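Trainee: Any chance you could fold what I've pasted below:
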Amino acid sequence: MVWKIPKDMKELRIAIPKTIKENFKKFCVLANKTMTQAVCEAISEYLANHQYEVRSNITININTMNVNIYVKAKVTENKAELKRLLTIVKNIKDPQARTDFLVELAKRIQKAYEVYEKTKDPELGELLKECEKYI
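Mentor: Model prediction:
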């Protein structure tokens with residue numbers, strides 16, 4: 001029997017160790033999925049989890065979720081939050097309140113730094129440098 005490839009799909013030929021293929025095949029049967037379904041899910045998940053490792057303007061559509069939009073949203077969210085926190089920390093006069101607030105700023109810096117490391121967004125980098133003055 002010859003498998004006919006649907007028009008919206010392309011063939012992918014790869015070589016993997018025999019034991020991995022055998023275990024994968026068994027797993028797919030137990031999960032009630034075709035190997036094609038499982039591979040598509042695995043590749044989609046891999047792309048979503050490793051998108052930051054590749055700096056490009058390529059937009060990857062994964063299960064109707066546009067990864068490029070997700071990345072831009074994360075950058076925008078972190079920039080807006082850092083700007084908000086910097087405005088507040090500059091105006092806090094009470095030493096105890098300032099100390100408490102710096103903990104919140106530090107938590108956001110950690111999140112923003114992870115996004116910056118993956119995207120290298122210049123504006124986010126500048127905001128992180130400005131935050132460093134307060135930590």
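
Trainee: can you list the domains in the protein?
Mentor: 18-63, 68-132 (automatic domain parsing).

Trainee: Can you tell me which of those domains is most buried?
Mentor: domain 68-132 (a mean of 14; mean count of other C-beta atoms under 10 Å). In this view, the C-beta of every residue, glycine as well, is placed from N, C-alpha and C.

Trainee: and it, how far out from the chain's middle?
Mentor: 18 Å (C-alpha atoms, centre = their mean, to the nearest Å).

Trainee: Report the rounded mean pLDDT for that domain.
Mentor: Domain 68-132 shows a mean pLDDT of 88.

Trainee: Now render the domains of the chain as JSON lines, adding distance to residue 4.
Mentor: Formatted as JSON lines, the domains of the chain follow (distance: least, C-beta to C-beta, whole Å):
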{"stretch": "domain 18-63", "distance to residue 4": "12"}
{"stretch": "domain 68-132", "distance to residue 4": "33"}
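
Trainee: which residues sit in contact with residue 5?
Mentor: residue 11 (C-beta atoms under 8 Å, 6 or more residues apart in numbering).

Trainee: typo on my end, residue 131
Mentor: With contacts defined as C-beta under 8 Å, 6+ apart, residue 131 is in contact with 82, 85, 86, 105, 109, 112.

Trainee: rerun that using 10 Å as the cut-off
Mentor: Contact partners of residue 131, counting by C-beta atoms under 10 Å, 6 or more residues apart in numbering, are 82, 85, 86, 89, 102, 105, 106, 108, 109, 112, 113.

Trainee: which SS state does residue 104 fall under?
Mentor: Using DSSP: H, G, I helix; E, B strand; the rest coil as the criterion, the local structure at residue 104 reads helix.

Trainee: just checking, it touches residue 82?
Mentor: No: Residue 104 is beyond contact range of residue 82, at 11.4 Å (criterion: C-beta atoms under 10 Å).
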